Structure formats: structure tokens, C-alpha cells
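In: coords below, sequence missing:
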Ligand SMILES: Nc1ncnc2c1ncn2[C@@H]1O[C@H](COP(=O)(O)OP(=O)(O)O)[C@@H](O)[C@H]1O
Ligand SMILES: [Mg+2]
């Protein structure tokens, strides 16, 4: 997958932007706060309808503007083009004519009303320095990564997730009513049934995804560390030890029944896949607790490069890969290794604060400089080297 055109209107720092890409590698340089991440964010938003940085769409609209408009054209390895446009209402959307207050997404000119209609059309993987949280942060970061990554691969996953979340919040309401209003215990039963159905499906997908990701990450991470480190991922959760659908459902039913008294006391559900996690282990030790900053950073990158491999295997379409600032803190040797690992991809966009020697040596790339929300194509020469 690669992107051929991008047009932005009032998106973040950009009042207006038109950009064309060729197949292969695009390198975008610019100082801090010039708008590099925002460009990748715009591409990610078009491909998935979601920003990787925020859930609040209004933050994406340029301050003071009534709305933001994004357009992109993506082309698959089979030469199939997909045009996507998104309109996001801003703070003052209600004062602008002809702009509704809801987000509008169109694919090839036709409006779509559910994210699941978009899934997998334009596979994209983005790495940014914030991904360190997946390695270091609380389990919530890893669950979010699992959800976003798996949802791109399995259209049904998002439906299961929504079903699970609805059932969970309804069950929690009932638990509170049992505790505080003496409601009958039987009120949890319909929600238990839904939780078990959706939860078992989510656990199966997460199990399979984590397994494939682990195999891919071991290879990538071995490559990035010259074979010095072996990275393994392990799916963890209440249903992680069950290996088929019946076993998962049975186990979940058992856990819900065993913990019902405690759940009533707490007023929420204490078992289930909403507490899932996965561990990242390097050479036998847990990276989250014992890894050095450098090891954790490299592992975060390995995870995203491995995700790109899994997407390629599942969707039979290599994703568009967006690497935000990933080379700036690595030595030349490792930076070159990363570029070698991803060079089979048709669409690869890299940002960097400076045009270092690894990047400027790439004669196959298109180079752009971004400064304060405006963009120009450049030819790297001696003057550009820093
Ligand atoms: N909604 C917005 N309206 C106007 N400017 C914004 C908005 N959101 C972010 N910015 C500006 O965009 C800049 C940051 O852009 P970013 O893409 O993160 O830069 P970089 O990745 O090059 O460091 C900051 O100057 C910030 O103030
Ligand atoms: Mg940035």
C-alpha cells in the first residue's frame, strides 16, 4: 500500500497543504513543532478514521477554523486506488454554513457510517516515540495496541469489542443495583451470556495475533540487535490458558460464577478480557520492569515493524508504514538496518528533525522540508547536511 496524494485544509498547524508522493520512500525533515507528526497523523486518520494521538477530533481542527478537510488517495500493490475524504467539525462548526457537526467519512465518494466498513481497506502501521508506553506503560496501553492492531486485521473484532464493552457496563450497573438496591442476582445472567460470547472471541483473536506478532518480533528484534537479544511476547489474561472456543467460554463462565460475590461487593466485574495484557520478554527477563531505556525503545520499534509483517501476512497487502522520528536517536548502523528491513514496502514515510547521513544517502527517496506548516520538496545537497 502506498499513498499518492494528500490534501489538507485547516488540519492542525496546516491552513492548506497539497502533497504528492511517489511509490517507495518519502523523507520529511523539519525542526521541532514544524508539523511533521501532524502529517503522519493526517495519513493515519484517513486510513483508519482515527488519530494515533488523540480521541478528541476537535483538537485536530486548526485553531479558530470551523472545520477541517482531509483527502487522500491510496493505491494497493494490485494498483487499486481508494480515495478517502474526512471532514471534521471544529469548535465553531455550528456557525459555518453547510458543515454538519458530525465527522463525515467518504470512501470513493460514498459516505460510510461505521468504522468497520473501513477496516483493512488501507492497512497502515505507524511508529512514534510515544509507542514506548506500549513497552513501559500500564496494561491499558498494551490492550489499546492489541485492539487497534487486531481490529485492522479482523473486521469482526471491533463488533465483538463493542458488544463486550456494552455488556460489561450493563453488568456493572446490575452489580451496583444488587448491592445498593437489593435487585435480584439473576439480573446478571443475560449480561454474563453476552460477555462470555464476545470475550471468548476477543481472547481467541488476541491469542492468535500475539502469537504471530511474537514470531515476527523475534526475527525483527534479532536483526536490530545483531542477534544479541531474543524478544518474545506472551498473551496474558483470564482466558489465555484456554486453547479453543469451548474451553474459553467454559473458563469464563466458571470465573464469572466464582467471583460473583466479590463482583457484587466491588460493584464491577473483576474477571474478563478487559484486564488482558501481554508480556514482552528479552533474553528471559521482563522488559517492562528490567529493560534499559535503549532496549525498551528498540523493542517498541520491533513491535511495530513486526505488526507490519503480520498485516502483510493476514491481509496479503503490505501496509503503508509511517515512522515518526525513529532514526533520530539511533546510531547510523541501526538506522541503516531499519531501512533495510522495510525496503520491500511500497509506501514508507519517515520523519526526522535533521537530514542525517543515513537519510541523505537515500538517492531513491523523495525529500520534503516542513517549516511552520508549509512544505517544500528539496534535493539533499551539502547545505542540507547537519
Ligand atoms: N489544532 C491546532 N491548530 C493549530 N496549530 C496546532 C494545532 N494542533 C497542533 N498545532 C501546532 O502544531 C505544532 C506541532 O506539530 P507537530 O506535527 O507535532 O510537529 P513536529 O512533529 O514537527 O514536532 C505545534 O506548533 C502546535 O502548536
Ligand atoms: Mg513530532
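Out: Okay, I see it. Predicted, not measured: the structure shown is a model, and the values here were computed from it. Ligands and ions are numbered 1, 2, ... in the order given.

In: which residues touch stretch 63-75?
Out: Applying CB atoms under 8 Å, 6 or more residues apart in numbering, the set of residues contacting stretch 63-75 from outside is 1-11, 23, 42-43, 45-47, 60-62, 81-93, 95-96, 99, 121-122, 320. Yep, even glycine has a C-beta here, placed from its N, CA and C like the rest.

In: rerun that using 6 Å as the cut-off
Out: Among residues not part of stretch 63-75, those counted as contacts by CB atoms under 6 Å, 6 or more residues apart in numbering are 2-11, 42, 46, 60-61, 81-90, 92-93, 96, 99, 122.

In: can you tell me the helix or strand for residue 133?
Out: With elements delineated by DSSP states H and E, residue 133 resides in helix 132-136, which encompasses its position.

In: please state the offset of that helix from the chain centre?
Out: For helix 132-136, the distance between its averaged C-alpha position and the chain's averaged C-alpha position is 13 Å (CA atoms, centre = their mean, to the nearest Å).

In: so that it lines up with my notes, have the first residue be 47 from now on.
Out: Let's use 47 as the start, then, which means that last one is helix 178-182.

In: how about the next helix or strand after that helix: buried residues?
Out: Past helix 178-182, heading to the C-terminal end, the next element that is a helix or strand (DSSP H and E) is helix 185-199. Buried residues in helix 185-199, counted by 16 or more other CB atoms under 10 Å: 187, 188, 189, 191, 192, 193, 195, 196, 197, 198, 199.

In: ok, now stretch 160-170?
Out: Within stretch 160-170, the residues that qualify as buried are 164, 165, 167, 168, 169, 170, counting by 16+ other CB under 10 Å.

In: same question, stretch 117-125
Out: When neighbours are counted by 16+ other CB under 10 Å, the buried residues of stretch 117-125 are found to be 117, 118, 119, 120, 121, 122.

In: can I get those residues in CSV including secondary structure?
Out: What follows is these, written out as CSV (DSSP: H, G, I helix; E, B strand; the rest coil):
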residue, secondary structure
117, strand
118, strand
119, strand
120, strand
121, strand
122, coil
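
In: relative to residue 345, which of these is nearest.
Out: Of all the buried residues of stretch 117-125, the one sitting nearest residue 345 is residue 120; the distance, using CB to CB, is 29.2 Å.

In: so that closest one versus ligand 2, what's the distance?
Out: Spatial separation of residue 120 from ligand 2 under the definition CB to the ion, to the nearest Å is 22 Å.

In: might you report the residue contacts of residue 52?
Out: With contacts defined as CB under 6 Å, 6+ apart, the neighbours of residue 52 are 65, 118.

In: just the pLDDT for it.
Out: The confidence metric pLDDT takes the value 98 at residue 52.

In: tell me if it really is in a strand.
Out: Yes: when classified by three-state DSSP, residue 52 is found to be part of a strand.

In: beta partners for it?
Out: Partner residues in beta bridges with residue 52, using DSSP bridges, are residue 65, residue 118.

In: break this protein down into its domains, please.
Out: For the chain, the domain assignment from automatic domain parsing gives the residue ranges 47-169+363-432, 175-362.

In: any idea how far residue 302 lies from ligand 2?
Out: Computed as CB to the ion, the residue 302 to ligand 2 distance reads 44 Å.

In: for the closest residue to ligand 2 within the stretch 147-296 of the chain, grab the count of nearby residues.
Out: Closest contact between the stretch 147-296 of the chain and ligand 2, by CB to the ion, is at residue 174 (7.3 Å). By other CB atoms under 10 Å, the residues close to residue 174 number 20.

In: cool, residue 94 as well?
Out: Counted with other CB under 10 Å, residue 94 comes out at 21.

In: now do the one 10 residues further on
Out: Residue 104 has 13 neighbouring residues, counting by other CB under 10 Å.

In: can you give me phi and psi for it?
Out: As for residue 104, its main-chain torsions (degrees, to the nearest 10) stand at phi -60, psi -30.

In: kind regards, and thank you for your time.
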